[in-house]
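Novice: requesting a structural model of the entry that follows:
(chains A, B, C, D, E and F)
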There are 6 protein chains.
Amino acid sequence: MSTVRRPENPEADPRVKAVFDDIRQTRKTDFINGFWLYLAFDPHLLEETWFGVKAVMAQPSALDSLTKEMLYIAVSITNACRYCVHSHTAAARAKGMTDEMYADLLRVVATAGRTNQLLNGLQIPLDQAFEADS
Amino acid sequence: MSTVRRPENPEADPRVKAVFDDIRQTRKTDFINGFWLYLAFDPHLLEETWFGVKAVMAQPSALDSLTKEMLYIAVSITNACRYCVHSHTAAARAKGMTDEMYADLLRVVATAGRTNQLLNGLQIPLDQAFEADS
Amino acid sequence: MSTVRRPENPEADPRVKAVFDDIRQTRKTDFINGFWLYLAFDPHLLEETWFGVKAVMAQPSALDSLTKEMLYIAVSITNACRYCVHSHTAAARAKGMTDEMYADLLRVVATAGRTNQLLNGLQIPLDQAFEADS
Amino acid sequence: MSTVRRPENPEADPRVKAVFDDIRQTRKTDFINGFWLYLAFDPHLLEETWFGVKAVMAQPSALDSLTKEMLYIAVSITNACRYCVHSHTAAARAKGMTDEMYADLLRVVATAGRTNQLLNGLQIPLDQAFEADS
Amino acid sequence: MSTVRRPENPEADPRVKAVFDDIRQTRKTDFINGFWLYLAFDPHLLEETWFGVKAVMAQPSALDSLTKEMLYIAVSITNACRYCVHSHTAAARAKGMTDEMYADLLRVVATAGRTNQLLNGLQIPLDQAFEADS
Amino acid sequence: MSTVRRPENPEADPRVKAVFDDIRQTRKTDFINGFWLYLAFDPHLLEETWFGVKAVMAQPSALDSLTKEMLYIAVSITNACRYCVHSHTAAARAKGMTDEMYADLLRVVATAGRTNQLLNGLQIPLDQAFEADS
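Specialist: Predicted coordinates for the structure are as follows:
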């Protein structure tokens, strides 16, 4: 159950078709996952979202592609975004994340969740040593 | 301002001293940051927390040390834990994170924050392709 | 699957019946959605919740009714409350929110999710210009 | 720095004075903390908030007063509400929370933060045994 | 204290200067707030962020400008983003949000925070009536 | 649908069997809930998690066992962790939480969610009276 109706024939709209073509070409697959299919209810939002995600995730940058997927998973877990957790875990696996790496990611993400709680509870003053300007 | 009083002479307690010694040895520095100084108000909680964090973050595992720090930052940002953001950003820089890598991390974390909102809004059904058991 | 059992004949309790009657009258419909049906497991909590929500959402105030529903959606998305997202999106649509307005709401909510991450990461000092007392 | 100006002479407004009198009487102290002083910028919001909080926190109910304060702390930590963490930790201490109890609360809250991350990552199906209706 | 050093002479970089010029022109003021000054540590991230925010917030769309600022505040409060709360509350006031409107926004945001907790606790099944496809 | 495959015969691994035996003995039941069954995909993570949770939740400490379960519920609700909410609500009921106590817990958790939003919006300065060192 979604909050928008899934468009029945989204590629009838040329803006949607152009985005879907670019998704297929960028990912080298014919599979378009549900996020984009539903987002096509608003072609402008679809364009903005796809080109924004593509610029960050599908183009070479300072961090490698798998590290970026794992960071995406970490945020999505913390925001309790079920769909995002599933889609980016699948993407990370496709880029080489093994079960051992995934278990290690979960250990870090869980440890951070644990100490975040301690520090949001203790409200400790910042150490001067953390000052970026120092 | 913290929710606990910082112990005045924490290493007078041998359990605290043992943890602080291990922190100094593990990190090869005499600097003990405020988290541990305040956490010493309860030696048992201090031990549990330090040995838990050390096992995950300071011992070799499937992910390299810098990737783990960056995942820690990603969670801490999402949980709005100010102290954690500062301490783990400083740790990641000490392990080689450049400004370019940090900017890239922020781009990914911000993009995830953006699409997490879209998907928590749209509530799209999961694609069968994400099924780990398939 | 819920954490409480749905009461079988909730209106047998006169306090529940009074609340349900008020819901029907306020909303001009016979439909009582699941939130209230389950919440009837504790008539006191039901009363407190309904009259609190009604005072804020169903009575004229400084903001118009549709703006209030959209703010409710924004918070519910950010808190990852699935039921709340669905019920308030349906309510906003009933009050006139079009697909174009909903897409625009999602754009704003997503952009906020993006820059919230950047600023919770960067931890930038507040500008003096934001001071309400100045 | 706040987002509203603190009213200079809030008790000049009789609605504000009535609330402040009730706070002083309920808590048996002349001290009014900043939350209420600033909230007085809108007497209606002040009334709604104070009487809502009082009904839940200052009146006898199924849970004892200290347990309720500790639950309040747990939520406030998780929501990263700095002021709330401080004010409710102070309130819990005033109601008898010792350092040992506070350390134990932090342990539980931190452990929950840890496993919440694991489960929001793993997305495990619910066990039938948790079904309240069964 | 920030996690990046504020660039000393950011407009020496022509990409930064172009963004700052566009900020000044779009907002019709010489004031550049700290977010952009610090974000200039990475001109690419600065460009991406400013043009993204501008497209959503500074250009006519289905929702009016003040409603968009209020939605931004609602998300920022829920994400506990202190800087964002301040900057967007200031922006909303500049666009006409009165104290009465702000108090009403807070009432809605607080009520949503309340019922989000109830529903994330109760885990009630979705009503068929919320189905967008129905 | 989970992000890992549920191991088919987890107790074939002696480390998993040892943990499962300890779970059965600690809880005095043969039932092993899904969290542990799936977590067995990585025996090391399973061990770390179970012994960590057991140390905090299943051993005598400053807070009684039911209070600890209720704190766990409060955090899990706020983090929108569906599985955690269900499993810890079931655990709390098994330890004596009545419907009246659960309704009261929900009232507190909901009230905290409400005022957390108000204070994360208002950004009120801390009162000196909250200072633990004073």
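Novice: show me what counts as buried in the longest helix seen in chain A.
Specialist: Taking DSSP state H as the criterion, chain A has its longest helix at helix A:99-122. Residues of helix A:99-122 classed as buried: A:101-122 (neighbour count, 16 or more other Cβ atoms under 10 Å in any protein chain shown). (C-beta placed from N, C-alpha, C; glycine too.)
Novice: cool, and stretch A:86-102?
Specialist: Result for stretch A:86-102 [16+ other Cβ under 10 Å]: buried residues A:86-93, A:97, A:101-102.
Novice: closest one of those residues to chain D?
Specialist: Of all these, residue A:86 has the smallest distance to chain D: 6.6 Å, by Cβ to the nearest Cβ.
Novice: surely the closest one meets residue F:1?
Specialist: Yes: Residue A:86 is in contact with residue F:1 according to Cβ atoms under 8 Å; the separation is 7.0 Å.
Novice: and for those two, which residues touch both?
Specialist: B:126, B:130, D:123 (Cβ atoms under 8 Å, 6 or more residues apart in numbering or on different chains).
Novice: if I pick the closest residue to residue A:43 other than its chain neighbours, what's in contact with it?
Specialist: The shortest distance from residue A:43 to any non-neighbouring residue, by Cβ to Cβ, 6 or more residues apart in numbering or on different chains, is to residue A:15 (4.0 Å). Contacts of residue A:15 were listed using Cβ under 8 Å, 6+ apart, and they are A:43-44, A:46-47.
Novice: re the thing from before, of the buried residues of helix A:99-122, which are in range of chain D?
Specialist: A:106, A:109-118, A:120-122 (Cβ under 8 Å from any Cβ of the partner chain).
Novice: so where does the residue nearest the centre of chain A fall, helix or strand?
Specialist: Residue closest to the average C-alpha location in chain A (Cα atoms, centre = their mean): residue A:72, at 4.3 Å. Counting by DSSP states H and E, the element that carries residue A:72 is helix A:65-78.
Novice: how much space is there between residue A:28 and residue B:80?
Specialist: 38 Å (Cβ to Cβ, to the nearest Å).
Novice: okay, those two: which has more neighbours?
Specialist: residue B:80 (23 against 6; other Cβ atoms under 10 Å in any protein chain shown).
Novice: how much space separates the more buried one from chain F?
Specialist: 9 Å (Cβ to the nearest Cβ, to the nearest Å).
Novice: how about the contacts made by that residue?
Specialist: A:120, C:120, D:80, E:79-81.
Novice: need the residues you listed in TSV with pLDDT, can you?
Specialist: As requested, these are arranged in TSV below (pLDDT from 0 to 100):
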residue	pLDDT
A:120	98
C:120	98
D:80	98
E:79	98
E:80	98
E:81	98
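Novice: what's the local residue count around residue A:70?
Specialist: For residue A:70, using other Cβ under 10 Å, the count is 30.
Novice: can you name the residues of chain A that neighbour chain E?
Specialist: Checking chain A against chain E by Cβ under 8 Å from any Cβ, the hits are A:1-6, A:48, A:52, A:55, A:126, A:130-133.
Novice: list the residues that contact residue A:93.
Specialist: residue A:102.
Novice: so it is in which element?
Specialist: helix A:82-94.
Novice: quick one: mean pLDDT over stretch A:37-48.
Specialist: Stretch A:37-48 shows a mean pLDDT of 98.
Novice: next, the buried residues of it.
Specialist: A:37-43, A:45-48.
Novice: so which pair among those residues is furthest apart in space?
Specialist: Largest separation among the buried residues of stretch A:37-48 by Cβ to Cβ: A:37 and A:48, giving 16.5 Å.
Novice: where does pLDDT dip in chain A?
Specialist: A:133-134 (pLDDT under 70).
Novice: how about the residues of it by chain F?
Specialist: A:80, A:85-86, A:89, A:99-100, A:102-103, A:106-107, A:110, A:117.
Novice: what's the burial count for the residue lying closest to residue A:78 once chain neighbours are set aside?
Specialist: Once flanking residues are discounted, residue A:78 sits nearest to residue B:78: 3.9 Å by Cβ to Cβ, 6+ apart. The local packing of residue B:78 (other Cβ under 10 Å) involves 28 other residues.
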